[in-house]
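> only geometry, no sequence info:
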């Protein structure tokens, strides 16, 4: 859609470098941790040094997976409700069906809560 694109953030002005002496193992560890967050080594060290929150790409991938699970729960609940409506009175009482639907809604709410916690 036109006009809904977010404005690009301003590029960060380059400042002064800080030398950090590390051995090969430490450099590899910093490189690995930076990659997990999607940041450059410099960006990662800046964030750590300034005590900024660091989000892992793994965390964001988990949120995406939870979103898919949440959608699947909704689809299963909808199909179950449709099936039970067509087979009214066969196999399950209306009370049991309503209880199960409430459990689905509660589970979806819990998934959304976990997603919110991970993102924040």
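Sure, I can see it. Bear in mind the structure is a predicted one, so any value in this text is a computation, not a measurement.
> Low-confidence regions, the chain specifically.
1-12, 58, 87-92, 119-120 (pLDDT under 70).
> Centre-most residue in it?
Residue closest to the mean C-alpha point of the chain, counted by CA atoms, centre = their mean, is residue 63 at 2.0 Å.
> domain assignment for this structure?
What the record gives for the chain is the domain set 18-54, 57-119, from automatic domain parsing.
> quick revisit: my guess is the residue nearest to the centre of the chain contacts residue 115. True?
Yes - look at residue 63 against residue 115 with CB atoms under 8 Å: they come within range, at 5.0 Å. Backbone N, C-alpha and C define where each C-beta goes, glycine included.
> Distance-wise, check the residue nearest to the centre of the chain relative to residue 114.
As judged by CB to CB, to the nearest Å, residue 63 and residue 114 stand 8 Å apart.
> what's the answer for residue 24, then?
38 Å.
> Please identify which of the two sits among more neighbours.
Set residue 24 next to residue 114 and count neighbours by other CB atoms under 10 Å: residue 114 wins out with 14 against 7.
> The more buried one touches residue 66, doesn't it?
Yes - assessed by CB under 8 Å, residue 114 is found in contact with residue 66 at 6.2 Å.
> count of residues packed around residue 44?
Count around residue 44 with other CB under 10 Å applied: 19.
> show me the contacts for it.
30, 33, 34, 37, 54 (CB atoms under 8 Å, 6 or more residues apart in numbering).
> Rebuild these as a markdown table, extending it with distance to residue 45.
Output for the contacts of residue 44, formatted as a markdown table (distance: CB to CB, whole Å):
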| residue | distance to residue 45 |
| --- | --- |
| 30 | 7 |
| 33 | 10 |
| 34 | 8 |
| 37 | 11 |
| 54 | 11 |
